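K.L.:
I would like the atomic coordinates for the input below:
(chains A and B)
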Amino acid sequence: MKFTLPAFFGRMAFSALAALIGAAFALPLLWFLFAPFNGRAELGLTIPDPFTLNNFVTVFGNSFAVQALWNSLIQAVGGVILVGSAATLAAYALSRSSIPGKGAVTYILLLFSSVVSGSAAMVPIFLIISAAGLMDTHLAVILTFAGGLLPTAMFILRDFIDSIPKSYEESAMVAGASPVQAFFDVALPVIRPGIVVIVVWSFVNIWGSFLIPFILLRSDSNMPAAVAIYSFYSEAGTPVVTLLAAYSLIYSLPVIALYLFVSWKFGFRFFGGIKA
Amino acid sequence: MTTQPITTAPKRKVRNFALLSNRAGAAFLTPAGILVAVFVIFPFFWVIFVSFTNRTLLGRTALNPEFVGLANYLALFDPNIFFQRGQFGFSLILTTQFVIASALIGQALLGLLLAWLIQTVPAWVKRLTETFVIAAWILPEVVIGFAWFAFLDRDAGTLNMMLNAIGLPSGDFLLESPFWVIVVFNTWRGAAFSMMLFNSAFSSIPPSYFQAADVAGASSWQKFRDIAVPLIRGHIVTNLILITMWTFNTFTPFLLTNGGPSYRTELVSIYNYRVAFQDFQFGKGAAVGVIMMLINLAFALVYLSLGRKKKVR
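P.N.:
Here you go, the predicted model:
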């Protein structure tokens, strides 16, 4: 390859353009990065003056705000446990048993999971939860998310398990293990990285979701942080914006941490269509 | 079947020796099966049933809905009001424009451009750009909504501050051009997915192709147009279908505009929410849901048939 002056300027232009687009993407988030540390509450973009951590102290002193974070945690962890365990069992069965119609099951799962979106199915989901007497409970949110996230989770895990050689479990069974023992003692440890991906993915999805808890929950004591933040900034009588920014930052931290964890642990692989 | 014979046993015997018996397999499938059946498959059929009733959230018809035939659909498609603001037709056209502008043009082109740019730029520029583009994608939607709310604020928002700094007047963009706000918003929010998909597609192209083009003196644009794009055509189609489906179903703009002002950003998802949960007409809301699912179904069938073809090849 020859090093020419036009090529050099071309590369400079590429870098400049990439940096410019990056900056444009950063702009809407800049205020959100500064405001939580600002002693004065304003929507203008300024270097925090005076710089303070008081906003975080105030947020943690607000029982409603803390309760909402706690609710988010209950719903996300509950959903993750359901999705993780049910998806692992089901994906293992789809990969390792010879139940008739496995291919059809997978196809139907994929089809329905992309057709029945939260925003298209909000009426029947509301009616089912209401008929089951679960309206305004954590369980309503947990079950709805578990059902909605399971098809994709099963599909990803099944791919993962398919790529693991069967000989692991086979040798265990030759040594006298039952199929269930082979699953729990031999297969499960090997599948663990796949389960971690599913767990992180469903946690981030439930933690960040707004619409489902918004329609299924009524009382303040059950609201997750997503709905709390929305009601803070959308209702009349604007709140102290810097407090809300601090709260939003706290609420975002688990998502950022999990993202960094996944990209550190697995190197950010590209997980197909992962996003509900 | 990918089952490998272990020894010299006849093939049929090996196939019978599945690791999990059918009974155990069925037991393993049960929990997931129940959850998916109740919350994904059943809603699909029940929404069709509800859409033929006059069910409401409150009042007499909440408990004893009556069968009304196609009345909900006729109301949605009433030609006298179909295209009026706040009606179904208006919302459907708005959503189509939104999908074309923000997903097919905005996200896909910007993602393609970004994926191409970061192939050649220095590592630190690449990392910095990727960080912000991906941040826009992974942060929770409510936080993004609030951040944009502050960003666009008429009096003190960052955008108006910058406009003033270069001598342009402030604007109340959420009031003046709400549609373009949600278009830019959704482009910004979702470009990361296209960027990552195209990025991984580009890196699957053997470098020797580009080296050969370099020797022949091809420009970056020529390499992009004549080598890269034709080779990733399959990825482009996949990407366009996926982002179309997501953008069609997205509810996130609600967090920025509430569907207003005066229905100007009322996408079908938001229209569905308003009809069902603000006007309390569940029957009509269900009919909207049915139409949304039919549109989803069309895209999903195309998508799945593409996937099958790829596997055969």
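
K.L.:
Name all residues that make contact with A:Ala65.
P.N.:
Applying Cβ atoms under 8 Å, 6 or more residues apart in numbering or on different chains, one finds that A:Ala65 lies in contact with A:59, A:225, A:228, A:247. Using the backbone N, CA and C atoms, a C-beta is placed for each residue, glycine as well.

K.L.:
between the residues you listed, which is closest to chain B?
P.N.:
A:Ala225 (7.9 Å; Cβ to the nearest Cβ).

K.L.:
OK, contacts around the closest one?
P.N.:
By Cβ under 8 Å, 6+ apart, the neighbours of A:Ala225 are A:65, A:68-69, A:71-72, A:247, A:251, B:142.

K.L.:
One more: B:Leu267?
P.N.:
With contact taken as Cβ under 8 Å, 6+ apart, B:Leu267 is in contact with B:91, B:94-95, B:98, B:182, B:250, B:253, B:259.

K.L.:
Would you format those as a markdown table with secondary structure and distance to B:Thr131 included?
P.N.:
Compiled in a markdown table, those are given as follows (DSSP: H, G, I helix; E, B strand; the rest coil; distance: Cβ to Cβ, whole Å):
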| residue | secondary structure | distance to B:Thr131 |
| --- | --- | --- |
| B:Ser91 | helix | 36 |
| B:Leu94 | helix | 33 |
| B:Thr95 | helix | 31 |
| B:Phe98 | helix | 27 |
| B:Ile182 | helix | 24 |
| B:Thr250 | coil | 23 |
| B:Pro253 | coil | 24 |
| B:Gly259 | coil | 32 |
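
K.L.:
PyMOL command for the buried members of those?
P.N.:
Of the contacts of B:Leu267, the buried ones can be selected in PyMOL as follows, counting by 16 or more other Cβ atoms under 10 Å in any protein chain shown:
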select buried, chain B and resi 91+94+95+98+182+250+253+259
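
K.L.:
Could you list which of the contacts of B:Leu267 also contact chain A?
P.N.:
Within the set of the contacts of B:Leu267, contact with chain A (Cβ under 8 Å from any Cβ of the partner chain) is found for B:Thr250.

K.L.:
Redo the contacts of B:Leu267 as CSV? Include pLDDT.
P.N.:
Below are these laid out as CSV (pLDDT from 0 to 100):
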residue, pLDDT
B:Ser91, 90
B:Leu94, 91
B:Thr95, 92
B:Phe98, 93
B:Ile182, 92
B:Thr250, 90
B:Pro253, 91
B:Gly259, 80
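
K.L.:
Buried ones in the longest helix along chain A, by neighbour count?
P.N.:
Using DSSP state H, we find that the single longest helix of chain A is helix A:63-96. By 16+ other Cβ under 10 Å, the buried positions in helix A:63-96 come out as A:65, A:67-69, A:71-72, A:74-76, A:78-80, A:82-84, A:86-96.

K.L.:
Same check on stretch B:27-42?
P.N.:
B:28-29, B:31-33, B:35-36, B:38-42.

K.L.:
re the thing from before, distance to B:Tyr303 for the contacts of B:Leu267 - can I get that in a markdown table?
P.N.:
Listed next are these as a markdown table, based on distance: Cβ to Cβ, whole Å:
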| residue | distance to B:Tyr303 |
| --- | --- |
| B:Ser91 | 24 |
| B:Leu94 | 24 |
| B:Thr95 | 19 |
| B:Phe98 | 20 |
| B:Ile182 | 25 |
| B:Thr250 | 17 |
| B:Pro253 | 24 |
| B:Gly259 | 28 |
